[in-house]
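Colleague: Output the structure for:
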Amino acid sequence: MSGFLIVIGLVILLAIYFVALYNGLIRARNETRNGWSQIDVQLKRRHDLIPNLVETAKGYMKHEAGTFEKVVAARNQAIAARGPKQAGAAEGALTGALTGFFGLVEQYPDLKANQNFLALQEELSSTENRIGFARQAYNDAATRYNNKREVFPANLIAGGFEPAEFFEIADAGERAVPQVQF
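Modeller: As a prediction, this is how the structure comes out:
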């Protein structure tokens, strides 16, 4: 009789252990989804700032329509992107378009002195920092989640849990170290 109770106790402990593993996977998956949501909020903020920045600059840069069109097209592509992989590529293209835009801004001293433009530029810079921190937090959560779903014995019950994608730099040009010359 005591052997039977020991077996029942072990089965109950094993069931509790697997329930705890499953619940840990759920928590990690939800943490990853939350991390992506934080990135999404900051990207929306970025996407909302860009039209205001472009409109402010248009008055000063009347002959630069091609640059404005590139920025707007890249923004629209970034808005349409879904998931970390697609968003990473689209945001890389948007960053490239914005780099070209800000390079052109340097040629317009009146625009650089415009208070509205400066405020929008500062907001965009602040948002870029927030996006960087949100990406890091998301990738950390994705790593924890993927680790939990892949280690033994959790991998025995993790069949229905899809791996989390990482938010990565897709453009090799973004990985390059900037060259500073004096």
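Colleague: Could you name the helices and strands sitting against the lengthiest helix in the chain?
Modeller: Ranked by number of residues, the top helix in the chain under DSSP state H is helix 2-58. Identification of packing neighbours for helix 2-58 by 3 or more Cβ pairs under 8 Å, 6 or more residues apart in numbering; DSSP states H and E yields helix 65-80, helix 83-105, helix 115-150. The way it works is simple: take the backbone N, C-alpha and C, and place the C-beta from them, glycine included.
Colleague: again, only using 6 Å
Modeller: Applying 3 or more Cβ pairs under 6 Å, 6 or more residues apart in numbering; DSSP states H and E, one finds that helix 2-58 contacts helix 65-80, helix 115-150.
Colleague: Dump these to JSON lines, plus mean neighbour count, distance to residue 43 and mean pLDDT.
Modeller: Formatted as JSON lines, the helices and strands packed on helix 2-58 follow (neighbours: other Cβ atoms under 10 Å; distance: least, Cβ to Cβ, whole Å; pLDDT from 0 to 100):
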{"stretch": "helix 65-80", "mean neighbour count": "16", "distance to residue 43": "7", "mean pLDDT": "82"}
{"stretch": "helix 115-150", "mean neighbour count": "16", "distance to residue 43": "6", "mean pLDDT": "84"}
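Colleague: For residue 40, find the nearest of those.
Modeller: helix 115-150 (8.7 Å; Cβ to Cβ).
Colleague: by how many degrees do that closest one and helix 83-105 diverge?
Modeller: 160 degrees (axes from the mean of the first three to the mean of the last three Cα atoms, to 10 degrees).
Colleague: now helix 115-150: how far from the chain's centre is it?
Modeller: Taking the mean of its C-alpha atoms, helix 115-150 sits 6 Å from the chain's own mean (Cα atoms, centre = their mean, to the nearest Å).
Colleague: let's have the chain start at 557 instead
Modeller: From this message on, residue numbering opens at 557, which makes the last subject helix 671-706.
Colleague: Helix 558-614 and that helix, what's the angle between them?
Modeller: Using the same axes, to 10 degrees, helix 671-706 lies at 160 degrees relative to helix 558-614.
Colleague: ok, residue 657 touching residue 625?
Modeller: No: contact criterion Cβ atoms under 6 Å: residue 657 and residue 625 do not qualify, at 10.8 Å.
Colleague: tell me the residue furthest from the middle of the protein?
Modeller: Largest separation from the mean C-alpha position in the chain: residue 557, at 57.8 Å (Cα atoms, centre = their mean).
Colleague: and it, how far is that from residue 567?
Modeller: Applying Cβ to Cβ, to the nearest Å, the value for residue 557 to residue 567 is 16 Å.
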